[in-house]
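J.: below is the structure, and that's it, no one-letter string:
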């Protein structure tokens with residue numbers, strides 16, 4: 001079984017194609033995984049004849065635990081719609097149930113199959129002394145020797161049932177970090193798997209497939225009179241992509257943008273630095289954000305403003321007129337901000353060093369710029385641009401700003417080449 005990856009730009013109809021596919025195959029059993037509960041409800045409402053169920057933590061017979069309810073739903077062969085977080089808690093105990101029921105899995109947006117763990121080196125020493133650990137190379141499998149629930153280590157035990165721990169030493173600092181690695185066996189238990197995403201080549205999930213030798217192939221979208229459908233080849237590119245440069249207005253001001261000229265300015269590490277030069281630049285950045293919102297776009301209502309930075313920079317950049325207008329810099333798959341037209345994206349995204357080194361050591365060809373671009377685009381597409389409206393955006397990092405400018409040019413060119421058969 002080769003996993004089908006539908007890698008298509010926002011607005012290509014990926015979710016609609018998935019809904020049409022499920023409605024056209026009413027005898028199949030589906031598990032649909034999405035980032036947010038609101039999307040899970042949309043799937044349930046869009047496929048009424050499939051009677052999708054959502055795991056609940058409000059049922060006494062399952063101890064008010066979603067995980068136990070999920071197991072019961074799978075065991076009963078129900079169609080299920082749930083979140084990424086719940087899916088990443090699936091355990092090896094569920095493999096036979098999934099295989100027996102012949103489920104098809106549809107994953108909306110690539111999941112974080114490699115996630116930081118809160119486990120420390122001291123924790124690992126305790127686990128080893130308790131005989132819970134089996135280690136092969138840099139992969140650690142926790143082996144709970146009894147039915148452990150409701151204790152201090154209950155979260156670790158629950159996650160260990162479907163995940164492995166990856167040992168990531170930090171050579172420079174002498175520390176050891178542990179990451180949860182999702183189980184390949186759970187994925188391969190499904191009869192069929194679809195992944196709906198964009199810029200898959202830069203996603204950790206793609207790197208995971210390569211490392212774990214999980215077969216996958218790309219599929220596309222076709223649009224006809226009946227709507228959107230999956231196709232064996234990419235055949236549809238949304239018409240809006242031909243005019244991105246006239247819809248996304250990137251703030252162009254050398255003086256205000258100069259704070260992000262350095263390649264690593266506005267990175268996570270940059271915000272944590274306390275040198276005099278960086279302090280001055282942070283103060284300048286706050287003034288710039290205020291200036292952008294309050295002076296350059298004073299004609300736009302305050303409720304149309306949206307901004308993002310790392311948690312370490314939130315208190316620094318908050319200002320009058322946009323104090324509570326920030327959301328996480330990696331927010332995706334929500335429609336709650338589609339009225340926002342004036343944006344400030346104050347981050348410069350790099351992969352976590354230990355995670356990056358682990359992937360490199362595993363022979364993965366990392367595309368770090370594309371990774372940063374994919375995170376930024378998902379955030380931008382929470383705004384009014386998703387409805388084809390104009391937006392104005394301040395991106396102080398020169399690196400991130402250039403990535404967006406190049407992507408807009410590249411995307412418009414693709415439209416003309418593949419749709420119009422002419423050069424842009």
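T.: Sure thing, it's come through. In this text the structure is predicted, and so the values were computed from the model without any measurement.

J.: name the helix or strand of this structure that has the lowest mean pLDDT.
T.: Counting by mean pLDDT, DSSP states H and E, the chain has its least confident helix or strand at helix 154-160, which shows a mean of 73.

J.: that helix - contacts with which helices or strands?
T.: Judged by 3 or more CB pairs under 8 Å, 6 or more residues apart in numbering; DSSP states H and E, helix 154-160 is in contact with strand 139-142. For glycine as for every other residue, the C-beta is placed from the backbone atoms N, C-alpha and C.

J.: could you list the buried residues of the strand it packs on?
T.: 140, 142 (16 or more other CB atoms under 10 Å).

J.: what sits up against that strand?
T.: 124, 127, 132-135, 156-157, 160, 164-167, 178, 181 (CB atoms under 8 Å, 6 or more residues apart in numbering).

J.: now do the same end-to-end measure for stretch 50-67.
T.: Across stretch 50-67, the terminal residues are separated by 22 Å (CA to CA, to the nearest Å).

J.: tell me the mean pLDDT for that stretch?
T.: What stretch 50-67 shows for mean pLDDT is 87.

J.: just to revisit the earlier point, ok now the least confident helix or strand of the chain, how far from the chain's centre?
T.: On the basis of CA atoms, centre = their mean, to the nearest Å, helix 154-160 sits 23 Å off its chain's mean C-alpha point.

J.: buried residues in the very next helix or strand once past that helix, which are they?
T.: Using DSSP states H and E, the helix or strand that directly follows helix 154-160 along the chain is strand 163-170. For strand 163-170, the neighbour count (16+ other CB under 10 Å) marks 163-168 as buried.

J.: low-confidence regions, the protein specifically.
T.: By pLDDT under 70, the low-scoring segments of the chain are 144-150, 171-174, 419-424.

J.: show me it divided up by domain.
T.: 3-114+186-237, 115-182, 240-420 (automatic domain parsing).

J.: what's the end-to-end length of the shortest one?
T.: Yep, that's domain 115-182 we're talking about. Span of domain 115-182 from end to end, CA to CA: 9 Å.

J.: please apply the same query to stretch 261-276.
T.: Termini of stretch 261-276 sit 17 Å apart (CA to CA).

J.: contacts for it, please.
T.: 259-260, 278, 281-282, 285, 309-310, 312-313, 316, 346-350, 396-400.

J.: so which of the residues you listed are in strands?
T.: With strands taken from DSSP state E, there is no overlap with those.

J.: from those, which ones fall inside helices?
T.: Judged by DSSP state H, helices contain the following of the contacts of stretch 261-276: 278, 281-282, 285, 312-313, 316, 398-400.

J.: all helices for the stretch 101-250 of the chain, in order.
T.: Here the stretch 101-250 of the chain has its helices, by DSSP state H, counting those that start in this stretch, at 121-129, 154-160, 184-188, 204-211, 244-247.

J.: just checking, residue 30 touches residue 106?
T.: Yes - using CB atoms under 8 Å, residue 30 is in contact with residue 106, at 6.4 Å.

J.: overlap of the contact sets of these two?
T.: In contact with both residue 30 and residue 106: residue 22, using CB under 8 Å, 6+ apart.

J.: for stretch 365-384, which positions count as buried?
T.: For stretch 365-384, by 16+ other CB under 10 Å, it's 366-367, 369-384.
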